[in-house]
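Visitor: Kindly generate the corresponding structure for this input.
(one chain, ligands or ions: 1)
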Amino acid sequence: MSSEQERARRVVPFRAKVVEPIHLLPREERSRRIERAGLCLFALKGDDVYVDLLTDSGTGSLSTNQLAAMMTGDESYAGSRSFDKMADRFREITGLPFVIPSHQGRGAERVLNSVLVRPHSIVPGNSHFDTTKAHIELAGGRCVDCTIEAGKDSATVHPFKGNVDVPKLQKTIEEVGARNVAYVLITITCNSGGGQPVSMANIREVSTLCRARGVPVFFDAARFAENAWFIREREAGYGNKPVREIVREMFSYVDGCTMSSKKDAIVPMGGLIAVRDQGLFDALKTPTILFEGFYTYGGMSGMMMEALAQGLDDVMQEDYLRHRIGQIAQLGAGLRAAGVPIVEPVGGHAVFVDGRRFYPHVPEDQFPAQLLCVELYKEGGVRTVEVGANLIGRDPDTGENIRPALDLCRLAVPRRAYFQEHLDYVVDVVATVFEGQRDRTRGLAFEHEAAGIRHFSSTFRYL
Ligand SMILES: *Cc1c(COP(=O)(O)O)cnc(C)c1O
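Guide: A predicted model of the protein is given here:
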């Protein structure tokens, strides 16, 4: 018997009303399909996969409230009622008055950086997301990573591994001069390590430092609600605060944000920009029209904007967040109990398995984490993604393969999509591969290495 409090932690705040059939292919068929895909997980068809943990982006389930709202979507080219609803909701939640939709997060990044970033200006932040970094560079700027040291070490346990190293940020701003800092970007939660949170105290400190120097601060807000939940769970003084109040306080410290709505707004497609300054809002209108569409739809349909507005409400429900973060924690606990080496502490949307510790005898340059992704698919039809030597690519100057600090296999969990049975199954698959393959000595080599961003399309062969 468990206490009432423990039982409350096990509450699943939704049930299935419509289901999507999924199937597990026979073992020989899985082997055939992954071989045919060149051992590249991105080249599999969705139907080849049983449990798909490739990403938590755009893969969440819609709620009945979202579907109902979608039927009222207003597809007017300009002045859509659905846009007003979405913008009002976001304004209400964050206090940021001006909202612009975009087709997804990177669309918002392109628009914002085309206005804020000048050649040679810098954007310091905590481990910029890959498309974010690419868009800052495309606009002529460069990123300076100011994540705290604890955030870069897989074994260090720290409650807020996404935090910005404030002394380092101050030094960075002083070195280049505040005029050359386009803005400071805080990613909440920080994608590195599977969604490591940033504390309220850290957000406040960064904001104070930057405001004193006239440097704007922005959020990359893809997982703002998950970040708020961690603040509530882990930061002194927030344990009894409603999530809405925490979110409101978080946003009170920034000048604006970009957001991939495919994460914490639980929609298949969408994004947005929100800013506090009317002048900046006006400057964003033209690039929005050019890259995304008129600034009351920005690449989104009225239906999607309705779903987004409702998704923002859904995601801040406390029982939803308790279940969501609890589900990831439980996946981590299951793997840990099986002795599988994972990155600690477990973050908000994914669990990472350490490929080098999983296959200690596979040489580091033979892609142990990529090998693990392939073997998990073969063993159980589970799709994951490598975040390591394959993803990081080559040094653009020397052409050498970069050796990342960690070579990881990421298990990202879609929102509201899978039950505990699925995740128990995943733990079983990972544990089986771990038990059976630990003394493996050979990994993978490129069959065809794609140019540029290589991990989406490179193929491999077994050594
Ligand atoms: C997904 C993501 C983006 C990019 O958004 P898309 O919707 O995939 O274009 C940017 N930043 C973070 C932190 C993300 O997780």
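Visitor: Compute the distance between the residue in the stretch 201-350 of the chain that the ligand sits nearest to and Glu28, please.
Guide: Nearest residue of the stretch 201-350 of the chain to the ligand: Ser260, at 3.1 Å (C-beta to the nearest ligand atom). The C-beta positions use only the backbone N, C-alpha and C, and glycine is treated the same way. With the distance defined as C-beta to C-beta, to the nearest Å, Ser260 ends up 38 Å from Glu28.
Visitor: Those two: which has the busier surroundings?
Guide: Taking neighbours as other C-beta atoms under 10 Å, Ser260 and Glu28 compare with Ser260 leading, 28 against 8.
Visitor: Pretty sure that one sits against Gly107.
Guide: No. Look at Ser260 against Gly107 with C-beta atoms under 8 Å: they stay out of range, at 9.3 Å.
Visitor: if I look at the two, which residues touch both of them?
Guide: Residues within reach of Ser260 and of Gly107 at once, by C-beta atoms under 8 Å, 6 or more residues apart in numbering, are Gly271.
Visitor: Could you pull up the mean pLDDT of the longest helix anywhere in the chain?
Guide: When the chain is parsed with DSSP state H, its longest helix is helix 318-337. Average pLDDT, helix 318-337: 96.
Visitor: Now do that helix: distance to the chain's middle.
Guide: Relative to the chain's own centre, helix 318-337 is displaced by 16 Å; criterion: C-alpha atoms, centre = their mean, to the nearest Å.
Visitor: For the closest residue to the ligand within the stretch 1-150 of the chain, give me its contacts.
Guide: The stretch 1-150 of the chain approaches the ligand most closely through Gly105 (2.2 Å), counting by C-beta to the nearest ligand atom. Gly105 makes contact with Phe129, Thr131, Asp220, Ala222, Thr258, Met259, Ser260, Ser261, Lys262, Gly271, according to C-beta under 8 Å, 6+ apart.
Visitor: One more pass at 7 Å, please.
Guide: Residues near Gly105 by C-beta atoms under 7 Å, 6 or more residues apart in numbering: Thr131, Ala222, Thr258, Met259, Ser260, Gly271.
Visitor: can you tell me the helix or strand for the closest residue to Thr59 other than its chain neighbours?
Guide: Spatial nearest neighbour of Thr59, chain neighbours left out: Pro414 (3.7 Å); criterion: C-beta to C-beta, 6 or more residues apart in numbering. Assigned by DSSP states H and E, Pro414 falls within no helix or strand.
Visitor: thinking again about what came up before, ok, the residue of the stretch 1-150 of the chain closest to the ligand to Lys262 distance?
Guide: Counting by C-beta to C-beta - Gly105 and Lys262 are separated by 7 Å.
Visitor: What parts of the stretch 101-250 of the chain come near the ligand?
Guide: Gln104, Gly105, Arg106, Phe129, Thr131, Thr132, Thr187, Asn191, Asp220, Ala222 (C-beta under 6 Å from any ligand atom).
Visitor: swap the cut-off to 8 Å and go again
Guide: With the criterion set to C-beta under 8 Å from any ligand atom, the stretch 101-250 of the chain comes near the ligand through 104-109, 129, 131-132, 187, 190-191, 220, 222-223.
Visitor: Please, a ChimeraX command that selects the buried ones among those?
Guide: Buried subset of those, written as a ChimeraX selection, criterion 16 or more other C-beta atoms under 10 Å:
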select :104,105,106,107,108,109,129,131,132,187,190,191,220,222,223
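Visitor: Now intersect the residues of the stretch 101-250 of the chain next to the ligand with the helices, please.
Guide: Gly105, Arg106, Gly107, Ala108, Glu109, Thr131, Thr132.
Visitor: Including pLDDT, could those residues go into JSON lines?
Guide: Below are those laid out as JSON lines (pLDDT from 0 to 100):
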{"residue": "Gly105", "pLDDT": "97"}
{"residue": "Arg106", "pLDDT": "97"}
{"residue": "Gly107", "pLDDT": "97"}
{"residue": "Ala108", "pLDDT": "98"}
{"residue": "Glu109", "pLDDT": "97"}
{"residue": "Thr131", "pLDDT": "89"}
{"residue": "Thr132", "pLDDT": "92"}
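Visitor: So which of those residues is the closest to Ala307?
Guide: Gly105 (16.1 Å; C-beta to C-beta).
Visitor: Look at the closest residue to Glu109 other than its chain neighbours and say how many residues are nearby.
Guide: Computed as C-beta to C-beta, 6+ apart, the closest residue to Glu109 that is not its neighbour in sequence is His135, at 4.2 Å. By other C-beta under 10 Å, the residues close to His135 number 25.
Visitor: I would like the residues contacting the helix or strand where His135 lies, please.
Guide: Per DSSP H and E, His135 falls inside helix 130-138. Applying C-beta under 7 Å, 6+ apart, the contact partners of helix 130-138 are Gly105, Arg106, Glu109, Arg110, Asn113, Val117, Val123, Arg142, Cys143, Asp220.
Visitor: same thing but at 6 Å, please
Guide: Arg106, Glu109, Arg110, Asn113, Val117, Val123, Cys143, Asp220 (C-beta atoms under 6 Å, 6 or more residues apart in numbering).
Visitor: In space, what's closest to the last one - neighbours in sequence excluded?
Guide: Read that as Asp220. Closest to Asp220 by C-beta to C-beta, 6+ apart is Thr187, at 4.1 Å.
Visitor: Now do the contacts for Val351.
Guide: By C-beta under 6 Å, 6+ apart, the neighbours of Val351 are Leu331, Gly332, Ile342, Leu411.
Visitor: oh, I was asking about Leu185
Guide: Going by C-beta under 6 Å, 6+ apart, Leu185 touches Val123, Gly125, Phe218, Asp220.
Visitor: Would you map the helices across the stretch 351-463 of the chain?
Guide: Assigned by DSSP state H, counting those that start in this stretch, the helices in the stretch 351-463 of the chain fall at 355-358, 368-380, 389-392, 420-437.
Visitor: Turn these into JSON lines, columns for mean pLDDT.
Guide: Formatted as JSON lines, those follow (pLDDT from 0 to 100):
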{"stretch": "helix 355-358", "mean pLDDT": "95"}
{"stretch": "helix 368-380", "mean pLDDT": "98"}
{"stretch": "helix 389-392", "mean pLDDT": "89"}
{"stretch": "helix 420-437", "mean pLDDT": "97"}
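Visitor: hey, which of the ones you listed is tucked in deepest?
Guide: Ranked by average neighbour count under the criterion mean count of other C-beta atoms under 10 Å, the helices of the stretch 351-463 of the chain are headed by helix 368-380 at a mean of 25.
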